[in-house]
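1. What follows is a predicted structure for the sequence shown.
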Amino acid sequence: MKMRRPRTLLGLVLLGLAFLHVRHQSTFIIVAVLVVPALLNSKPARSPLPKWLLLGFLPMLAYALISPRTPPEGPANPRSLIAAVPTALRSQPVFNEYSFGGPLILAGIKPYIDGRGELYGDAFVEDYSNIIGGDMAAFNRAAQRHDIVRRGDDAHAAAHGFAVHAGDDRLGAARHREDGARQARRSS
């Protein structure tokens, strides 16, 4: 009886977090499956695990241990193209497309933004949305605030991999002239 209140409180807190952001939903479900039966005083049925099932698990475990842990090369993770970005540019601030932050982080490049929008705050994400929508004043403020260097022309930026973004199954450079934010949006 004493454990009902903490378990109920835990379930409610996790339910609240699940409503706040999708990444907490799996945690809520896993914990709820463990907590709710105890709250209802129900007990799981005991059924012995067949030995053949355990033996079938061993080849899968061996495969998981010897298979590579890097995601496959593709539009969502163009490792070879990111590797082509010169070393000197890897340490400079970059303005990237929202969903391309993860591959940049995996390559050791600090992104402007990534898919964890709730960590940046609403104002930052709204500002990013305005930039992608073509607000060059917002881009100029962000470039100044985050020390993002604007390149002079498209050829120069593309040649140096500036402002790396993914789109059309390739890695490209966002164009940073006055209509740059719109062009970056169209190509991603």
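-> Sure thing, it's come through. Computed from a predicted structure; not experimentally measured.

2. Please list all residues in contact with the residue nearest to the spatial centre of the chain.
-> For the chain, the residue nearest the mean C-alpha position is Gly115 (3.8 Å; Cα atoms, centre = their mean). Listed by Cβ atoms under 8 Å, 6 or more residues apart in numbering, the contact set of Gly115 reads 98-99, 101-102. C-betas here are computed from N, CA, C, even on glycine.

3. Which secondary structure elements does the helix or strand hosting Gln144 sit against?
-> For Gln144, the element it lies in under DSSP states H and E is helix 136-145. Using 3 or more Cβ pairs under 8 Å, 6 or more residues apart in numbering; DSSP states H and E, the elements in contact with helix 136-145 are helix 122-132, helix 180-187.

4. How far off centre is it?
-> Helix 136-145 sits 23 Å away from the centroid of its parent chain (Cα atoms, centre = their mean, to the nearest Å).

5. do the same with stretch 49-57
-> Using Cα atoms, centre = their mean, the offset of stretch 49-57 from its chain centre is 36 Å.

6. Could you do stretch 60-74 as well?
-> Taking mean C-alpha positions (Cα atoms, centre = their mean), stretch 60-74 and its chain are 20 Å apart.

7. Numbering from 39 from now on, please.
-> Will do, 39 is the new start, and the previous item becomes stretch 98-112.

8. Which positions within that stretch qualify as buried?
-> Within stretch 98-112, no residue counts as buried by 16 or more other Cβ atoms under 10 Å.

9. got the domain boundaries for the chain?
-> 42-81, 117-225 (automatic domain parsing).

10. give me the low-pLDDT residue ranges for the protein?
-> Residues of the chain that meet the criterion pLDDT under 70 lie in 39-41, 80-83, 187-226.

11. do that again at 90, thanks
-> By pLDDT under 90, the low-scoring segments of the chain are 39-49, 58-62, 70-99, 102-150, 152-159, 170-175, 177-178, 180-226.

12. Helices of that one, start to end?
-> Using DSSP state H, the helices of the chain run over 42-58, 63-77, 89-104, 117-121, 125-128, 139-144, 155-158, 160-170, 174-183, 192-197, 218-225.

13. Distance to Pro110 added to those helices, as JSON lines?
-> Supplementary listing: the helices of the chain in JSON lines, determined by distance: least, Cβ to Cβ, whole Å:
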{"stretch": "helix 42-58", "distance to Pro110": "31"}
{"stretch": "helix 63-77", "distance to Pro110": "23"}
{"stretch": "helix 89-104", "distance to Pro110": "16"}
{"stretch": "helix 117-121", "distance to Pro110": "9"}
{"stretch": "helix 125-128", "distance to Pro110": "23"}
{"stretch": "helix 139-144", "distance to Pro110": "12"}
{"stretch": "helix 155-158", "distance to Pro110": "26"}
{"stretch": "helix 160-170", "distance to Pro110": "28"}
{"stretch": "helix 174-183", "distance to Pro110": "33"}
{"stretch": "helix 192-197", "distance to Pro110": "26"}
{"stretch": "helix 218-225", "distance to Pro110": "23"}
